[in-house]
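Q: The following comprises the amino acid sequence and a computationally predicted model.
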There are 2 protein chains.
Amino acid sequence: MGSGKTTSFDIAQAAGVSQATVSRALRNSPLVNVETRQKVKRIARELNYRVDRSAAGLRSQRSNTLALLIFEDPTTDDSQINPFFLSLLGNATRFAARRGYDVLVSFQQLSDDWLYEYEAANRADGIILLGYGDYGKISDKLRRLHDDGGHFVIWGATTPELEGHAIGCRNRNGGEIITRHLLALGRRRIAFIGGASDDCPEFKQRFEGYCAALENEGVWVRDELRVDAENQETSGFQAMDRLLESGAQFDAVLGASDLIAIGAMKRMRKAGLSIPEDVSVAGFDDIPAASYFTPSLTTMRQDTRAAAEALVDNLLAMIDGQPGQSQLLPMELVVRGSCGGRDRG
Amino acid sequence: MGSGKTTSFDIAQAAGVSQATVSRALRNSPLVNVETRQKVKRIARELNYRVDRSAAGLRSQRSNTLALLIFEDPTTDDSQINPFFLSLLGNATRFAARRGYDVLVSFQQLSDDWLYEYEAANRADGIILLGYGDYGKISDKLRRLHDDGGHFVIWGATTPELEGHAIGCRNRNGGEIITRHLLALGRRRIAFIGGASDDCPEFKQRFEGYCAALENEGVWVRDELRVDAENQETSGFQAMDRLLESGAQFDAVLGASDLIAIGAMKRMRKAGLSIPEDVSVAGFDDIPAASYFTPSLTTMRQDTRAAAEALVDNLLAMIDGQPGQSQLLPMELVVRGSCGGRDRG
DNA sequence: CTGAAAGCGCTTACAG
DNA sequence: CTGAAAGCGCTTACAG
């Protein structure tokens, strides 16, 4: 390439205009004459010129980059990333690219200081936070982030303090729909596996929907049929362990997530229980494994395309100076083989 | 935060040193007195100062960022990203972070011009390319990339032209191992599903290993038992469609990837064939679905942690000015239920 | 070991 | 519509 890097000055010289005009032309400024713009663009293309992102970022104090942070439990096996977040990642990356933004991906521990790490360092203009099951531990940090005017959106944690930042699904409604589905199949002793504390608002809301559906049908909500679990297969397996050991009778299991439901099914299979003959099972998320598992898992799907679009759009609006606007997306019942009744395994 | 952004000049003033010393201290330069360094770091921490990445990148002409590009067939459904690459992505991101590099993720079409898009634009110091099944279409571009001195590593395409850039598995050896496993179970008419052309060197090498194992046992390699397929479930399904229609007899199926094997199993199930009783099935990769599927799939595992580490290390070496060094990683046989014999479904 | 100074390649008021 | 000039916040020779 001869003597060093091609810069906007090289393009300017070749086009016979000033460097400022090159900059304007390449950014489609309406200030530039159409013919001038086309000439500049043509020459830039011929010389394979690209605007230096660092220089542009320094001058404009904009990185044109979003950081997508996935929070992991440090105790978890490295390779086991929640597939639902992976799907969100793929779609968020695509939507961001369509809007001219790069996406920086990082797997974080809860202890890190993302606002400063990313925004203050001009590495990213805004942050997308993924990772449920830990809201209790980070809520203080999120509030400080909010107070400092940080640009961030978070998936799932639709709590009042995060109004404007949170995008999630109508978890309560989803819990009602799927519980009604189980009730309609004649199930009455429906176990719920998943934490119902404020630490994980999504699971809590799903549980509330479950309760509402039961009460609406005049079915008692039994304490012994709710077992804590985190959003992991092994946690669902262990929770079912405890449920079986307790001796509580149940004819259906609603997992607070697909991973939990699958873990519970593995434990039930080990106990010799038939699904769906003895026990109907359902979950939430519709991760790929839900359809691969046998029996295939009935679940409440979260639309990761819509979710990713809402996250990116809301974040870009905030970066643009507009107020954030929280959004709740609908969930969709996907009937497969794990519940029995009108469908098959 | 008062009057604008905190810069290295603010730290310098607070610490009573020059701005240059702040820069040196924060980058752990041995030129700086230990006490001075500690003082500077303490003050930087107290003021929540972060080095501006754009400014540092502009000055040093290093972005400290790697681009991880995943190539997708534009015809593919958006949401279906190859899970093997997703696993590679997660591990590569972690290794890069450990070495102080950010990772920019992008899903690309084959037609784009990454060298210029990323390296010339100073968005990334090097590129990790993932995506098999399309090597034939991009080999020219890769050679140009190489000739231009681009910093890139590519997964899988271990061909002579890409010596130094490619990291992959010992696909030929893997093909031999798994074919021997099928032979040891008494299978003799083993179908191979997957392209065997230069377009996908990985599949081709797996096929060569398959042929070597058969020949070694004195078993004929039959043309009618090899069917083309791309690395997708639907493609495996359709390939099995054609194989069944051809009327060729087979007692085992080796998919060139797990996705292909799973697609083929779905088609066989539809045809009423029992796995593993009628037909043994095996694949490559060990994606999560391989263990969720029923019967669980016997496969040759590719270690995504080792692969990610090799990719990142090799790329960083190239960025450092050292020559790249290709590497072939071993594959590991994972016996599950889909082959029958000594294991169960 | 430290500081003063130059300069990386842009964007964006400012002036015309 | 265009250009000359300033300056974003660093890193890195250069000089001491």
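A: Received, thanks.
Q: What ranges does chain A have for its strands?
A: Under the criterion DSSP state E, strands of chain A are mapped to A:65-71, A:102-108, A:126-130, A:152-155, A:166-169, A:190-193, A:226-227, A:252-255, A:280-285, A:298-301, A:327-329, A:332-334.
Q: Direction included, what does the last one pair against?
A: Right, strand A:332-334. strand A:298-301 (antiparallel) (DSSP bridges).
Q: Can you tell me what sits against the partner strand?
A: The set of residues external to strand A:298-301 that reach it, using Cβ atoms under 8 Å, 6 or more residues apart in numbering or on different chains, is A:174-175, A:177-178, A:181, A:258, A:261, A:280-286, A:290, A:331-339, A:343. C-betas here are computed from N, CA, C, even on glycine.
Q: ok, now with 6 Å
A: A:174, A:178, A:258, A:282-284, A:286, A:290, A:331-332, A:334-336, A:338-339 (Cβ atoms under 6 Å, 6 or more residues apart in numbering or on different chains).
Q: Identify the residues contacting the residue of the stretch 201-345 of chain A found nearest DNA strand D.
A: Closest to DNA strand D within the stretch 201-345 of chain A is residue A:319: 17.4 Å, counting by Cβ to the nearest atom of the strand. By Cβ under 6 Å, 6+ apart, residue A:319 lies in contact with A:125, A:126, A:151.
Q: Got a PyMOL select line for the buried ones in the contacts of strand A:298-301?
A: Selection of buried members from the contacts of strand A:298-301 for PyMOL, criterion 16 or more other Cβ atoms under 10 Å in any protein chain shown:
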select buried, chain A and resi 174+178+258+282+283+284+286+290+331+334+336+338+339
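Q: from the contacts of strand A:298-301, which are also near DNA strand D?
A: Applying Cβ under 7 Å from any atom of the strand, the subset of the contacts of strand A:298-301 adjacent to DNA strand D is empty.
Q: ok, the residue of the stretch 201-345 of chain A closest to DNA strand D to chain B distance?
A: 16 Å (Cβ to the nearest Cβ, to the nearest Å).
Q: Please report the distance of that residue from residue A:26.
A: Using Cβ to Cβ, to the nearest Å, residue A:319 is found at 21 Å from residue A:26.
Q: Equivalent analysis for residue A:54, please.
A: 16 Å.
Q: Mind checking which of these two has more residues around it?
A: More crowded of residue A:54 and residue A:26, by other Cβ atoms under 10 Å in any protein chain shown: residue A:54, with 26 against 18.
Q: Confirm for me that that one is in contact with residue B:60.
A: No: look at residue A:54 against residue B:60 with Cβ atoms under 6 Å: they stay out of range, at 8.8 Å.
Q: Quickly note the distance from the residue nearest to residue A:68 when sequence neighbours are not counted to DNA strand C.
A: Spatial nearest neighbour of residue A:68, excluding adjacent residues (Cβ to Cβ, 6 or more residues apart in numbering or on different chains): residue A:128 at 4.6 Å. Noted for residue A:128: a distance of 24 Å to DNA strand C, by Cβ to the nearest atom of the strand, to the nearest Å.
Q: who are the neighbours in contact with residue A:128?
A: A:68, A:153, A:311.
Q: can we see that at 8 Å?
A: Residue A:128 makes contact with A:66, A:67, A:68, A:69, A:92, A:152, A:153, A:154, A:155, A:311, A:312, A:315 under the criterion Cβ under 8 Å, 6+ apart.
Q: and what of residue A:177?
A: A:209, A:213, A:300, A:331, A:333.
Q: who in chain A is up against DNA strand C?
A: Counting by Cβ under 7 Å from any atom of the strand, chain A sits next to DNA strand C at A:4-9, A:19-20, A:23-24, A:26-27, A:49, A:51-52, A:55-56, A:58-60.
Q: picking up where we left off before, between the contacts of residue A:177, which is nearest residue A:82?
A: Set against residue A:82, the nearest of the contacts of residue A:177 by Cβ to Cβ is residue A:300 (16.0 Å).
Q: Can you list the residue ranges for helices in the stretch 1-150 of chain A?
A: A:8-15, A:19-26, A:34-46, A:53-60, A:83-98, A:114, A:135-147 (DSSP state H, counting those that start in this stretch).
Q: next one: the shortest one to chain centre, how far?
A: Relative to its chain's centre, helix A:114 lies at 17 Å (Cα atoms, centre = their mean, to the nearest Å).
Q: With the last one instead?
A: Mean C-alpha position of helix A:135-147 versus that of the full chain (Cα atoms, centre = their mean) differs by 18 Å.
Q: and that helix, what other elements does it pack with?
A: strand A:152-155 (3 or more Cβ pairs under 8 Å, 6 or more residues apart in numbering or on different chains; DSSP states H and E).
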